[in-house]
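Q: coords please:
(one chain, ligands or ions: 2)
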Amino acid sequence: MLVDSHCHLDFPDLQTRLPEILASAQAAGVGRLVTISTHVARYETYKALAEANDAVFFSVGTHPHNAAEEPDVPASHLIELSAHPRCIAIGEAGLDYHYDKSPRDVQRKVFRTHIEAARETSLPLVIHARNADDDMIEILSDEMRRGRFSAVLHCFSSGEKLAQVGVELGLYVSLSGILTFRNSEEIRRIAAAVPRDRLLVETDAPYLAPVPFRGKTNEPAYVAHTAHVLAGVIGVSDSEIAKITTDNFYRLFSKAAQADMVRDRVHAP
Ligand SMILES: [Zn+2]
Ligand SMILES: [Zn+2]
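A: Ligands and ions are numbered 1, 2, ... in the order given. As a prediction, the model looks like this:
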């Protein structure tokens with residue numbers, strides 16, 4: 001079984017075709033999906049998706065693009081919302097200096113609030129980082145000194161140093177369809193150096209479809225293509241990469257393992 005550790009099922013391209021999307025994920029061996037929050041204000045939508053589908057978990061948080069829309073959500077509110085049994089992560093939160101859709105100081109403040117919530121709840125933080133390597137390294141190092149938290153650098157497309165520092169700080173690194181692009185030599189080289197027990201795969205659907213679907217609407221089923229390329233990069237088989245990344249998923253997102261145990265009990269004859 002594969003896990004798509006990061007997708008956006010609430011985006012119109014996916015939500016309007018949800019039964020079909022979930023069926024093709026299942027057919028491709030993608031047994032679990034995490035639909036990731038971009039606005040705390042959309043919490044009820046994510047919750048409903050997870051409650052309606054046994055394969056779906058969700059997170060709570062504010063994407064850095066939207067930090068200016070939700071600048072003052074306190075950690076206590078994130079903590080409260082994350083108590084739902086299928087809410088398994090905080091985020092996505094972080095820094096995006098490529099698009100700069102929210103002022104950078106607001107992005108940094110909102111990011112630190114999410115770190116606080118992740119630390120308090122022991123839920124992993126899903127980190128979005130783009131063109132912000134120096135500030136990201138500084139904030140992660142500083143916050144880790146204040147108290148440990150677990151996290152994943154999602155859709156990794158940053159520089160080697162951020163990957164190295166992230167691994168040293170105990171973070172996981174999640175690879176998306178970008179890994180499969182012809183010109184992504186650098187990302188494949190970085191991925192090869194990440195310890196195997198820190199690797200995850202994701203789609204970030206509906207964006208960033210892997211080869212051979214590049215340019216089309218991405219969907220969770222396609223995570224198999226990224227996993228296949230990652231298997232080649234680290235020199236293991238497709239079934240080994242599925243086991244490695246799924247074991248890593250359940251170790252990092254440990255609340256998913258608890259939720260699955262409850263589900264299996266409920267569904268037992
Ligand atoms: Zn992101
Ligand atoms: Zn995302």
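
Q: which residues touch D54?
A: Shown in contact with D54 (C-beta atoms under 8 Å, 6 or more residues apart in numbering): R263. (Glycine included, C-beta is placed from N, CA and C.)

Q: Need the pLDDT of the residue of the stretch 51-200 of the chain found nearest ligand 1.
A: Per C-beta to the ion, H128 is where the stretch 51-200 of the chain lies closest to ligand 1, at 3.4 Å. Looking at H128, its pLDDT reads 98.

Q: That one in helix, strand or coil?
A: strand (DSSP: H, G, I helix; E, B strand; the rest coil).

Q: Bridged to it, which residues?
A: On the basis of DSSP bridges, H128 is bridged to G94.

Q: what about it, neighbour count?
A: Per other C-beta atoms under 10 Å, the neighbour tally for H128 reads 25.

Q: Equivalent analysis for the one 5 residues further on, please.
A: When neighbours are counted by other C-beta under 10 Å, D133 registers 18.

Q: Tell me the pLDDT of it.
A: pLDDT at D133 comes out at 98.

Q: Quick check, it in contact with S158.
A: Yes. Shown here, D133 and S158 form a contact pair, counting by C-beta atoms under 8 Å, at 5.2 Å.

Q: re earlier: isn't the residue of the stretch 51-200 of the chain closest to ligand 1 up against H63?
A: Yes. Using C-beta under 8 Å, H128 makes contact with H63 at a distance of 6.3 Å.

Q: any common contacting residues for these two?
A: E92, A93, D96.

Q: How about the second one: what's its closest non-neighbour residue?
A: It refers to A93. Leaving aside its chain neighbours, A93 sits nearest to H114 (3.7 Å; criterion: C-beta to C-beta, 6 or more residues apart in numbering).

Q: Please name the residues that touch the one you found.
A: H114 makes contacts with G61, T62, A75, L78, I90, G91, A93, L125, as judged by C-beta under 8 Å, 6+ apart.

Q: Going along the chain, name the helices of the stretch 151-269 of the chain.
A: Using DSSP state H, counting those that start in this stretch, the helices assigned to the stretch 151-269 of the chain run over residues 160-168, 185-193, 223-234, 238-252, 254-267.

Q: most tightly surrounded among those?
A: Sort the helices of the stretch 151-269 of the chain by mean neighbour count, taking mean count of other C-beta atoms under 10 Å, and helix 223-234 sits at the top with a mean of 22.
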